[in-house]
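K.L.:
Here is the input, now give the coordinates:
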Amino acid sequence: MGVKTIFKALIGTIVILLLSMVVIEYINVATFSYQINQLTRLSVKKACDFYSKETYKSNVGLLRDIVGASGNNVIGGNIYDYNTEEEIYNSLYTNSSDFINWYSQHSGIWDNLDLLAYGLNIGGKTVGGGDALTAKYMADTHVTPINLGVTYIDKDSIEKATKWNLTAIISNGLANNIIDNSSDGRAYTRYKGFRVYTTEAQITGIDYRILDINNDVSEIKNLTKLENLDSMEFENSKFVVAGITYSIPIAYEGVTPLENVIKLTNEYRVKGIANRDADKGNQTHLIKSENLEGGGFSGSSLGSLPIKGELTFIVTR
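P.N.:
So this is what the prediction gives:
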């Protein structure tokens, strides 16, 4: 076998190996970027459920702290920041500018919600006699819009719960999968060749849409996936559906040696090739993150990753 033949065989083998790694990486990105998006959606939905069950009333809102590979806390377990039911209720409703602004846009639609607002001294129609006593009782016993069958969720609370849920799910409960001492100072969770920056997850917006059970049946079915509306009894004829959008930075490291080949190529280039500058020999190999974005009523996704999906939440009574 001649030298040329051996050389061609080596080159061919290298090309085949590189192409194989490229195909594997492409399949891995397509498969698990979609899976990360689904897990993010699940984390947001569970955060909404967590909030709607008013977990702070039974101290269930105090979750365990999540620690990283270095042993330090990465995600705190106190979702509501405060410790007593009274403090948390006031922070979510009585003294919350978000809730007060939300109510100002939805006043006059539900009588019970107006009574609650009156009891909280944040608005509502003027009432007297028995209604005034009812309003005060509602505020004193910490009634919430959800108790009244009206969808309202606190953005900051579900954002914290989403970070906690996603970190716990993506890491599979293993601290070693949570890298909290990276060179760039950004904590991330390893998942199938990805860096998922779960501590930087954001709820970017919550839009509310009011639907009437008598006039918007098809839209209600489409958004809520409730098919048997005719057989269900509801306290309210008008629903509020929340469309929740989210964003989370992710980056791809790879699962094959291809990433290391690229890294070595960047770090150990032949001296003098690039402008004959010897200092070009050592370079930092950067992994660029990209925002995974989705949810809401449209389910649109920004960025180049193949991820889509609507994300809505509704309380029905």
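K.L.:
where does the stretch 101-250 of the chain dip in pLDDT?
P.N.:
224-236 (pLDDT under 70).
K.L.:
Strands along that one, start to end?
P.N.:
With DSSP state E, counting those that start in this stretch, the ranges of strands along the stretch 101-250 of the chain come out as 178-179, 188-191, 194-196, 202-212, 238-252.
K.L.:
I'd like to know which of those is closest to Lys160.
P.N.:
Among the strands of the stretch 101-250 of the chain, strand 202-212 comes nearest to Lys160, with 9.4 Å by Cβ to Cβ. No exception for glycine: its C-beta is placed from N, CA and C like everyone else's.
K.L.:
neighbouring contacts of the closest one?
P.N.:
Strand 202-212 is contacted from outside by 44, 102, 105-106, 109, 151-153, 155, 158-159, 162, 219-220, 223, 237-248, 293, 296-297, using Cβ atoms under 8 Å, 6 or more residues apart in numbering.
K.L.:
try it again with 6 Å
P.N.:
By Cβ atoms under 6 Å, 6 or more residues apart in numbering, the residues outside strand 202-212 that reach it are 155, 158-159, 219-220, 238-247.
K.L.:
now the strands of the stretch 101-250 of the chain in JSON lines, with mean neighbour count and distance to Leu62?
P.N.:
Formatted as JSON lines, the strands of the stretch 101-250 of the chain follow (neighbours: other Cβ atoms under 10 Å; distance: least, Cβ to Cβ, whole Å):
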{"stretch": "strand 178-179", "mean neighbour count": "21", "distance to Leu62": "20"}
{"stretch": "strand 188-191", "mean neighbour count": "23", "distance to Leu62": "22"}
{"stretch": "strand 194-196", "mean neighbour count": "24", "distance to Leu62": "25"}
{"stretch": "strand 202-212", "mean neighbour count": "16", "distance to Leu62": "21"}
{"stretch": "strand 238-252", "mean neighbour count": "21", "distance to Leu62": "24"}
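K.L.:
With distance to Cys48 as added columns, please give those strands in JSON lines.
P.N.:
Below are those laid out as JSON lines (distance: least, Cβ to Cβ, whole Å):
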{"stretch": "strand 178-179", "distance to Cys48": "24"}
{"stretch": "strand 188-191", "distance to Cys48": "21"}
{"stretch": "strand 194-196", "distance to Cys48": "20"}
{"stretch": "strand 202-212", "distance to Cys48": "10"}
{"stretch": "strand 238-252", "distance to Cys48": "7"}
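K.L.:
follow-up on the earlier one: sort out which one of the contacts of strand 202-212 lies nearest Tyr188 for me.
P.N.:
Taking Cβ to Cβ as the measure, Tyr188 lies nearest Ser247 of these, at 15.1 Å.
K.L.:
Looks like that closest one contacts Asn291 (just checking).
P.N.:
Yes. If you go by Cβ atoms under 6 Å, Ser247 and Asn291 touch, sitting 5.0 Å apart.
K.L.:
Just give the nearest non-adjacent residue to Thr126, would you?
P.N.:
Tyr118 (7.5 Å; Cβ to Cβ, 6 or more residues apart in numbering).
K.L.:
got the contact list for that neighbour?
P.N.:
Going by Cβ under 6 Å, 6+ apart, Tyr118 touches Gly124, Val127, Ala135.
K.L.:
was I right about the first one contacting Asn112?
P.N.:
No. Shown here, Gly124 and Asn112 do not form a contact pair, counting by Cβ under 6 Å, at 10.3 Å.
K.L.:
Pretty sure Ile170 sits against Tyr197.
P.N.:
No. Under the criterion of Cβ under 6 Å, Ile170 makes no contact with Tyr197, lying 10.3 Å away.
K.L.:
Pick out whichever of those two has more residues nearby.
P.N.:
Ile170 (23 against 19; other Cβ atoms under 10 Å).
K.L.:
Ser91 versus that one, what's the distance?
P.N.:
For Ile170, the distance to Ser91 equals 29 Å [Cβ to Cβ, to the nearest Å].
K.L.:
picking that back up, looking at the contacts of Tyr118, state which has the most neighbours.
P.N.:
Ala135 leads these on contacts (other Cβ under 10 Å) with 22 neighbours.
K.L.:
what about Ile128, how many residues close to it?
P.N.:
No, residue 128 isn't Ile; it's Gly. For Gly128, using other Cβ under 10 Å, the count is 7.
K.L.:
nope, Asp184 is what I meant
P.N.:
Based on other Cβ under 10 Å, the number of other residues close to Asp184 is 10.
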